[in-house]
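1. Kindly return the folded structure for what I paste below:
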Amino acid sequence: MTYTVGQYLADRLVQIGLKKHFAVAGDYNLVLLDQLLKADGLEQIYCCNELNCGFSAEGYARANGAAAAVVTFSVGAISAMNAIGGAHAENLPVILISGSPNSNDYGSGRVLHHTIGGTDYDYQLEMVRHVTCAAERITDAATAPAKIDRVIMEALKQSKPAYLEIACNISSAECARPGAFPMHLVRPSSDQASLKAAVAATKDFLKTRENVVLLVGSKLRAAHAMKETVALADRLDCAVTIMAAAKSFFPEDHAGYRGLYWGEVSTPGTQELVEKADGLICLAPVFNDYSTAGWTAWPKGENVLVADPTCVTVAGQVFEGVALKDFLHHLAAEADPKPASAKNSTYKPQTIAAADPAAPLTNDEMTRQINAIITPDTTLTAETGDSWFNATRMALPGGARVELEMQWGHIGWSVPSAFGNAAGSENRQHLLMVGDGSFQLTAQEMAQMVRHELPVIIFLVNNKGYVIEIAIHDGPYNYIKNWDYAGLMEVFNAGEGHGLGLKATTGAELADAIAKAQANRRGPTIIECSLERTDCTKDLIRWGKLVAAANSRKPQVV
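-> Presented below is the predicted three-dimensional model:
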């Protein structure tokens, strides 16, 4: 039988560990989808639209380490680029694959459907290069293997999305079979001289400092250095703090854990601990306006060491070509202990007192009950908004995961991402916290949870508006048409699914709904939690004011 370009791509996806890929069909990718279906061990998962397809793949990459999304040209790929931009911002290797016009039409001067009406089809490739680390167009079978391999390799090496554009008449064209994928080349190796110098400079940095604190950032997972961070914490025996977007990237049951640093909305005691440290080691941080609470909590100065995924900055020196994983490994073997910060501080998880079960449901009581069901095998996806703050104040057992999207910050991201994450790790308990406004953007993907019988528990906060935007800058544009959210489940079930739609207006009703949701193993459960619009965390209000102040700075006179 003829071995094709599409089969080559499928085999490579299987070789890098994918068991599923996500797709939305269109006439330019139909033959490619047929070819991908021939692969053993690679399931095709369909999404409601291309934006959701990209976010579903992004969620799968969070669980599985990499992902692929297959869409059609222009009308599909441009929609998916929003999610691919999110994958780029959040450091997730998602391979976006777009079917494209027949190879004979390139340069022909013909106007084709699904284009912007011109005869130049380069615009999609030009656009996608801004949100990917590698992009290739395939219009002949001979060069397909090398281009496919380059795109996949770069995505894995850089932990960023990449792009393949495959002409519709090339997917079934004959090409050479692949050998084994060179996975040993995926992890970048350090420049040994630079690594040695960085470790030496860091040891000198630590010599004269006693109150040393680790601050864990959100690029740590992409740097594949989470285990090495724990080893360094064990070696230094110092206090360890996390940034908000790195929630769950360091075990909270570790003896050195001392809470979350987020400026004025930090865990009680953590802001003082971090800002008074005479040696702050920032591991894979992202310092943006959100993570610094409107630029009010940006650690700088001679007492701050920044270890990024590929370079280390310490004492005014920058050491390039240093893989964070290698740097932490060597430092954990050579650094002297610095226990003062841990010995002189304590950490107590924030607790929320149980409310009267018959009282109207509050944000605190909802958060308390969700936290109570989190286990080491739980993945909690928290939507942009107050769900961030509810998630970050929860106490996590070791092994529990929290998924956030604080760099891209796309509301609605969480529904398809939770679907993809659940598809990639069906052995875990999946919880989703999402606001009503965010849910309305991508609600359709709940139907795919029904289709695949994924028991995701969705806590839908119905407070009739975009509360995070209200906190930052209020106006009539922040208020939405209310839906019967629980009632939607019967629409998606359509008489054949096993999803549950429940409502909770009191603590007792929420507890009952959670019990029913946990017993429902053949589909998702949406629990519509009715809250007052003004009932949100104090931290959201404080943080929102700081971000609003940053946004409203007066123009500088040049």
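
2. lowest confidence element among the helices and strands of the chain?
-> Sorted by mean pLDDT, DSSP states H and E, the helices and strands of the chain end with helix 467-472, the least confident at a mean of 72.

3. and it, what does it pack onto?
-> helix 538-551 (3 or more CB pairs under 8 Å, 6 or more residues apart in numbering; DSSP states H and E). (C-beta placed from N, C-alpha, C; glycine too.)

4. What segments of the stretch 101-250 of the chain are strands?
-> When secondary structure is read from DSSP state E, counting those that start in this stretch, the stretch 101-250 of the chain shows strands at 135-138, 162-167, 212-216, 239-242.

5. Which elements pack onto the helix or strand following the least confident helix or strand of the chain?
-> As assigned by DSSP states H and E, the chain's next helix or strand after helix 467-472 is helix 488-493. Helices and strands touching helix 488-493, by 3+ CB pairs under 8 Å, 6+ apart, are helix 446-451, strand 500-504, strand 525-530.

6. then the first one to CSV, C-alphas only?
-> If I follow you right, that is helix 446-451. The C-alpha trace of helix 446-451 is given here as CSV (Å, rounded to 0.1, in the frame of the first residue of the first chain):
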residue,chain,number,x,y,z
MET,A,446,-19.6,21.0,26.9
ALA,A,447,-21.4,18.9,24.2
GLN,A,448,-18.1,17.2,23.5
MET,A,449,-17.8,16.3,27.1
VAL,A,450,-21.2,14.6,26.8
ARG,A,451,-20.2,12.9,23.6
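
7. next one: that helix to chain centre, how far?
-> 21 Å (CA atoms, centre = their mean, to the nearest Å).

8. rewinding a little: how about the strands of the stretch 101-250 of the chain in a markdown table, adding mean neighbour count, mean pLDDT and distance to residue 316?
-> Below are those laid out as a markdown table (neighbours: other CB atoms under 10 Å; pLDDT from 0 to 100; distance: least, CB to CB, whole Å):
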| stretch | mean neighbour count | mean pLDDT | distance to residue 316 |
| --- | --- | --- | --- |
| strand 135-138 | 22 | 98 | 37 |
| strand 162-167 | 27 | 98 | 35 |
| strand 212-216 | 28 | 98 | 18 |
| strand 239-242 | 28 | 98 | 24 |
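
9. how about the ones you listed, which one is nearest residue 70?
-> Nearest of the strands of the stretch 101-250 of the chain to residue 70, taken as CB to CB: strand 162-167 at 9.3 Å.

10. tell me, how many neighbours does residue 351 end up with?
-> 10 (other CB atoms under 10 Å).

11. what's the distance between it and residue 394?
-> 11 Å (CB to CB, to the nearest Å).

12. quick one: common contacting residues for those two?
-> Contact criterion CB atoms under 8 Å, 6 or more residues apart in numbering; residues shared by residue 351 and residue 394: none found.

13. Residue 41 - nearest residue in space that isn't next to it in sequence?
-> Spatially, and ignoring its direct neighbours in sequence, residue 41 is nearest to residue 14 (5.5 Å; CB to CB, 6 or more residues apart in numbering).

14. who touches the host helix or strand of the one you found?
-> According to DSSP H and E, residue 14 maps onto helix 5-15. Outside helix 5-15, the residues that touch it by CB under 8 Å, 6+ apart are 21, 31-32, 34-36, 38-42, 68, 95, 97, 138, 141, 144-145, 148-149, 152, 164, 166, 170-173, 175-178, 180-181, 183.

15. From those residues, which land in helices?
-> 31-32, 34-36, 144-145, 148-149, 152 (DSSP state H).

16. Show me where this protein dips below the pLDDT cut-off.
-> The model of the chain has pLDDT under 70 over residues 468.

17. any idea how this protein splits into domains?
-> Residue ranges for the domains of the chain, per automatic domain parsing: 5-185, 192-343, 363-545.

18. These into a markdown table, with extra columns for distance to residue 355?
-> What follows is the domains of the chain, written out as a markdown table (distance: least, CB to CB, whole Å):
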| stretch | distance to residue 355 |
| --- | --- |
| domain 5-185 | 32 |
| domain 192-343 | 21 |
| domain 363-545 | 4 |
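
19. wait, which of these is closest to residue 356?
-> domain 363-545 (7.1 Å).

20. give the contact list for the closest residue to residue 20 other than its chain neighbours.
-> Ranked by CB to CB, 6+ apart and with sequence neighbours excluded, the top spatial neighbour of residue 20 is residue 43, at 4.6 Å. Shown in contact with residue 43 (CB under 8 Å, 6+ apart): 19-21.

21. what's around residue 106, how many residues?
-> Residues near residue 106, counting by other CB under 10 Å: 16.

22. State the phi and psi torsions of it.
-> Per-residue torsions, residue 106: phi -70, psi 120 (degrees, to the nearest 10).

23. I figured it hits residue 139, correct?
-> Yes: the criterion here is CB atoms under 8 Å, and residue 106 meets it with residue 139 at 6.2 Å.

24. Can you pull the residues that touch both of those two?
-> Common contacts of residue 106 and residue 139 (CB under 8 Å, 6+ apart): residue 167.

25. just to revisit the earlier point, out of the ones in helices among the contacts of helix 5-15, which two sit at the greatest distance?
-> Based on CB to CB, the longest span within the ones in helices among the contacts of helix 5-15 runs between 34 and 149 and measures 22.2 Å.

26. Just tell me which of the domains of the chain ends up closest to residue 558.
-> domain 192-343 (20.4 Å).

27. now the closest one: how far from the chain's centre is it?
-> 21 Å.

28. what's the answer for stretch 110-117, then?
-> Taking the mean of its C-alpha atoms, stretch 110-117 sits 34 Å from the chain's own mean (CA atoms, centre = their mean).

29. tell me which residues in it are buried?
-> Buried positions in stretch 110-117, judged by neighbour count with 16 or more other CB atoms under 10 Å: 112, 114-115.

30. same thing with stretch 269-282?
-> Buried, per 16+ other CB under 10 Å, within stretch 269-282: 270-271, 273-274, 277, 279-282.

31. Please tabulate these in JSON lines, including the columns distance to residue 298.
-> Below are the buried residues of stretch 269-282 laid out as JSON lines (distance: CB to CB, whole Å):
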{"residue": "270", "distance to residue 298": "16"}
{"residue": "271", "distance to residue 298": "13"}
{"residue": "273", "distance to residue 298": "16"}
{"residue": "274", "distance to residue 298": "11"}
{"residue": "277", "distance to residue 298": "14"}
{"residue": "279", "distance to residue 298": "17"}
{"residue": "280", "distance to residue 298": "12"}
{"residue": "281", "distance to residue 298": "16"}
{"residue": "282", "distance to residue 298": "10"}
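
32. just curious, which of those is nearest to residue 47?
-> For these, the residue nearest residue 47 by CB to CB is residue 282; the value is 36.9 Å.

33. Next up, phi/psi of residue 324, please.
-> Per degrees, to the nearest 10, the backbone of residue 324 is at phi -60, psi -40.

34. That concludes my questions; thank you for your assistance.
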